[in-house]
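Asker: The amino acid sequence is not available; the structure is as follows:
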């Protein structure tokens, strides 16, 4: 199995990947019973040499719901009736899942509202108060 380039920094070695083929469900006529086109790709991020300790902890935490009890990530593909296309699809899916899970959100930096924004807010507030004051009902 070929290595999977997830990001320029992270390449999953091919020897860490296990691939299995099975007969796919769905339409296919008589062909469906003799061609194993479903692809199941397995990779264990908890034991992978491609990950550093902090990336591994982050990834395992983010993918916790998708991992099996022994920490294996299973990606399947039954997109086409062609085994090679399904293998490529499963490989792309795995790379996408790992890339998405590794993405760390940029921390929010607190900013101050500008003087103009403060002034506009207060002007709008005064205007609103005037509108509401104008609604008061007088009994004369």
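Answerer: Here it is on my side, so go on. The structure displayed is predicted, hence computed values, not measured ones.
Asker: element containing residue 56?
Answerer: helix 53-62 (DSSP states H and E).
Asker: so which strand or helix has the residue nearest the centre of the chain?
Answerer: Taking C-alpha atoms, centre = their mean, the centroid of the chain lies closest to residue 100, which sits 4.0 Å from it. Taking DSSP H and E as the definition, residue 100 sits inside helix 83-102.
Asker: Can you check what angle separates that helix from helix 53-62?
Answerer: Interaxial angle, helix 83-102 versus helix 53-62 (axes from the mean of the first three to the mean of the last three C-alpha atoms, to 10 degrees): 100 degrees.
Asker: what's the next helix-or-strand element following helix 83-102 in contact with?
Answerer: Later in the chain than helix 83-102, the nearest helix or strand by DSSP H and E is helix 115-133. Applying C-beta atoms under 8 Å, 6 or more residues apart in numbering, the contact partners of helix 115-133 are residue 113. From N, CA and C alone the C-beta is placed, and that goes for glycine too.
Asker: and helix 115-133, average pLDDT?
Answerer: On average, the pLDDT along helix 115-133 is 96.
Asker: Pull out the buried residues from stretch 34-43.
Answerer: If you call a residue buried by 16 or more other C-beta atoms under 10 Å, then stretch 34-43 has these buried ones: 37, 38, 39, 40, 41, 42, 43.
Asker: since we're on residue 107, how many residues are nearby?
Answerer: Other residues near residue 107 come to 5 when the count uses other C-beta atoms under 10 Å.
Asker: pretty sure residue 49 is touching residue 12, no?
Answerer: No. The criterion here is C-beta atoms under 8 Å, and residue 49 misses it with residue 12 at 9.5 Å.
Asker: So for the two, which sits in the more crowded spot?
Answerer: Using other C-beta under 10 Å, the more surrounded residue of residue 49 and residue 12 is residue 12, with 23 against 8.
Asker: The spatially closest residue to that one that is not a sequence neighbour: how many residues sit nearby?
Answerer: Counting by C-beta to C-beta, 6 or more residues apart in numbering, residue 12 lies nearest to residue 4, which is 4.4 Å off, once chain neighbours are set aside. Look at residue 4: counted by other C-beta under 10 Å, it has 20 neighbours.
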